[in-house]
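Undergrad: Pasting a predicted model and its sequence here:
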Amino acid sequence: MAQHFLLSAKARTLSLRSIYAGGEDKAYATFCAIRWHVTEGKPVCPRCGCLDSYAITTRRKFKCAGCLHQFSVTSGTIFASRKMAFVDLLAAICIFTNAVKGISSLQMARDLDCQQKTAFVLCHKLREAMAAEVEGETLDDVVEMDGAYFGGHIRPANKVEDRIDRRLAKHQTGKRRVVVVLRERGGRTLPFVTMSEGEGVEIAKRVVDRLAVIHADEASHWDALHAGWLTKRINHSEAYSDGVGCTNQAESYFSRLRRMVTGQHHGVSPKHLSQYAHEAAWKEDHRRMDNGALAHRALGLGLAHGVSRSWKGYWQRSA
């Protein structure tokens, strides 16, 4: 019991109570400290890089002494044009990272007392920043590959005589997608949304080093992997690990993603599936970090990421 308590305390280093007890000023100081960590929280002009600026205290803004550009701590980031208070933004990040299997925008909206659309856009901005952390990443050493189908569920008719064969292509909704995941043991997890699992071979050619060892199951489309890599296979009808091949790390990722999609969101459209897949990959990769470090990392990614063009108002997308 004592050991369990110590482990729990180590994982819990940040709480909503402490965030709101600190107030708006402390939350604002946290944003400044993370955005401008190189200068210890002192503002840097995002336009010209000048270190000489003065504060416009009435609006929490700064004016550059060099180019006269006015900017704030969120200028040029995914939080640009924000309307939420800094303490609410920090609380939202804490809630988002605490939810290890995801959180719905409705629940986030209830917790923050904001509109569901506001929570929805904010969560997707955070997912976009998380996905950018692994952009251009290359996997080496031992890499596990697998694919899983999501979406496109067809509800069976009530009467048995009215039911159709849902496996036939003519009865499909067109919303079914495959998440192909490549996971380096002890490294990063890269998810990709495709129409078929076999497309994972071409993905591997782009992101997996030729000296890596790939583990995959016995599906026939993975046979092409043998031409480019040392490949080890596992037949899941016989075992999940036989001492030669194993994809349990990839299956662990899918376990988290399925619980996220079915347990929290109850369904994800193909348009947004990739972002949810990246959120699950980010949380799986950093699952050993305490929640304070996770929130700090997520906020840093958001402040380092440029303005989101996908999750801004139509009048801001070309700005």
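TA: Nice, I can see it.

Undergrad: going forward, measure contacts between C-alpha atoms and count neighbours the same way
TA: Noted.

Undergrad: which element is Lys125 on?
TA: helix 116-132 (DSSP states H and E).

Undergrad: mind giving me the domain split of the protein?
TA: Split into domains by automatic domain parsing, the chain comes to 14-20+80-132+293-307, 142-286.

Undergrad: Settle this for me: Cys48 is touching Cys67, isn't it.
TA: Yes. Between Cys48 and Cys67 there is a contact under CA atoms under 8 Å: 7.0 Å.

Undergrad: Could I get the full set of strands for the stretch 151-300 of the chain?
TA: 177-184, 189-194, 213-217, 230-234 (DSSP state E, counting those that start in this stretch).

Undergrad: got the buried residues for the helix holding Lys125?
TA: By 16 or more other CA atoms under 10 Å, the buried positions in helix 116-132 come out as 116, 118-120, 122-132.

Undergrad: Pro46 against Gly76, yeah?
TA: Yes. Between Pro46 and Gly76 there is a contact under CA under 8 Å: 7.3 Å.

Undergrad: Which residue is the nearest non-sequential neighbour of Phe120?
TA: Once flanking residues are discounted, Phe120 sits nearest to Ser105: 4.9 Å by CA to CA, 6 or more residues apart in numbering.

Undergrad: Counting neighbours, what do you get for that neighbour?
TA: 22 (other CA atoms under 10 Å).

Undergrad: quick one, what contacts it?
TA: Each residue near Ser105 by CA atoms under 8 Å, 6 or more residues apart in numbering is listed here: Gln116, Lys117, Ala119, Phe120, Cys123.

Undergrad: Rebuild those as a markdown table, extending it with pLDDT and distance to Thr57.
TA: As requested, the contacts of Ser105 are exported to a markdown table (pLDDT from 0 to 100; distance: CA to CA, whole Å):
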| residue | pLDDT | distance to Thr57 |
| --- | --- | --- |
| Gln116 | 96 | 31 |
| Lys117 | 95 | 30 |
| Ala119 | 96 | 28 |
| Phe120 | 96 | 31 |
| Cys123 | 97 | 29 |
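
Undergrad: Of these, just say which sits nearest to His171.
TA: Phe120 (31.4 Å; CA to CA).

Undergrad: re the thing from before, redo the strands of the stretch 151-300 of the chain as TSV? Include mean pLDDT.
TA: TSV is the format used below for these (pLDDT from 0 to 100):
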stretch	mean pLDDT
strand 177-184	97
strand 189-194	98
strand 213-217	97
strand 230-234	96
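
Undergrad: Out of those, which gets nearest to Leu303?
TA: Here strand 189-194 is closest among these (CA to CA), at 22.2 Å.

Undergrad: Take that closest one, keep the C-alpha atoms, and write them as PDB.
TA: C-alpha atoms of strand 189-194 as PDB (Å, rounded to 0.1, in the frame of the first residue of the first chain):
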ATOM      1  CA  THR A 189       5.400   5.900 -32.300                       C
ATOM      2  CA  LEU A 190       4.300   7.000 -35.800                       C
ATOM      3  CA  PRO A 191       0.700   6.500 -36.800                       C
ATOM      4  CA  PHE A 192      -0.700   6.900 -40.400                       C
ATOM      5  CA  VAL A 193      -4.300   6.800 -41.600                       C
ATOM      6  CA  THR A 194      -4.700   4.900 -44.800                       C
END
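
Undergrad: Who are the contact partners of the closest residue in space to Ile103 that isn't next to it in sequence?
TA: Excluding its sequence neighbours, the residue lying closest to Ile103 (CA to CA, 6+ apart) is Gln264, at 5.9 Å. Taking CA under 8 Å, 6+ apart as the criterion, Gln264 is in contact with Lys101, Gly102, Ile103, Ser104.

Undergrad: Next step: those residues restricted to helices.
TA: Applying DSSP state H to these, no entry is found in helices.

Undergrad: Good, wrapping up.
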